[in-house]
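> Sequence and predicted structure are below.
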Amino acid sequence: MLKAIAALTILLVASFASADARAEASELSTKAEAHGIHVATWQADTRVSITKSDAAVLLDVTCPFGIDRGVLRRTEAAWPAGIRLRLTLQGLERLEVVAGRIAIRSWVQRGPDRRIHATVEDGTSMRTLEPDSPYWTSILVVPDERDPDRLARSFEVTLPRRIFAGNPEEITVRWVDFFRQ
């Protein structure tokens with residue numbers, strides 16, 4: 001009897017895990033594909049456009065809800081030489097960029113100095129990043145001239161080249177706005 005209950009429990013857990021994986025995969029909605037990158041996000045109202053300049057591919061992301069995640073998949077043999085994200089948010093409480101075992105977490109301090117903080121985790125340890133680190137994620141705070149009370153109009157994030165080491169097939173980006181809806 002106990003063996004039968006244990007087997008049934010294992011079967012139920014496996015079916016729930018499988019259903020969760022299917023549900024999560026079905027929640028992705030294709031937002032854009034161009035210049036060697038396919039982008040999908042979870043929030044239905046998040047908008048993404050992809051453009052290319054001489055120096056980099058720009059993913060322009062507008063997220064009214066303020067919390068979302070996107071999966072970037074390369075559609076060519078290698079990633080473009082540079083990738084920048086423009087996140088239209090009021091405040092950057094958290095930005096996480098994950099490729100394989102590497103997770104880079106950054107945030108912009110609220111207040112007049114808007115200091116950038118960052119850490120990297122490689123599966124075995126976590127350490128604080130300094131601007132000279134190859135994992136440093138450059139973040140430019142673009143002020144909102146129309147509304148000086150807002151922390152920002154957007155954040156321009158340059159993904160570090162080191163995150164593309166090993167040419168991963170996909171990179172996951174998660175963000176949280178201080179002033180989420």
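Received, thanks.
> do you know how far Asp177 is from Arg73?
Taken as C-beta to C-beta, to the nearest Å, the spacing of Asp177 relative to Arg73 amounts to 24 Å. Where C-beta positions appear, they are placed from N, C-alpha and C, glycine not excepted.
> One more: Leu89?
When distance is defined by C-beta to C-beta, Leu89 is 23 Å away from Arg73.
> So for the two, which sits in the more crowded spot?
For Leu89 against Arg73, the residue with the higher neighbour count under other C-beta atoms under 10 Å is Leu89, and the figures read 27 against 14.
> Spit out the contact partners of that one.
Cys63, Gly66, Ala152, Ser154, Phe155, Trp175, Asp177, Phe179 (C-beta atoms under 8 Å, 6 or more residues apart in numbering).
> Try it again at 6 Å.
By C-beta atoms under 6 Å, 6 or more residues apart in numbering, the contact list for Leu89 reads Asp177.
> Give me the distance between Val61 and Asp122.
Here the distance between Val61 and Asp122 works out to 26 Å (C-beta to C-beta).
> These two - which one has more neighbours?
Neighbour count, other C-beta under 10 Å: between Val61 and Asp122, Val61 has more, with 25 against 12.
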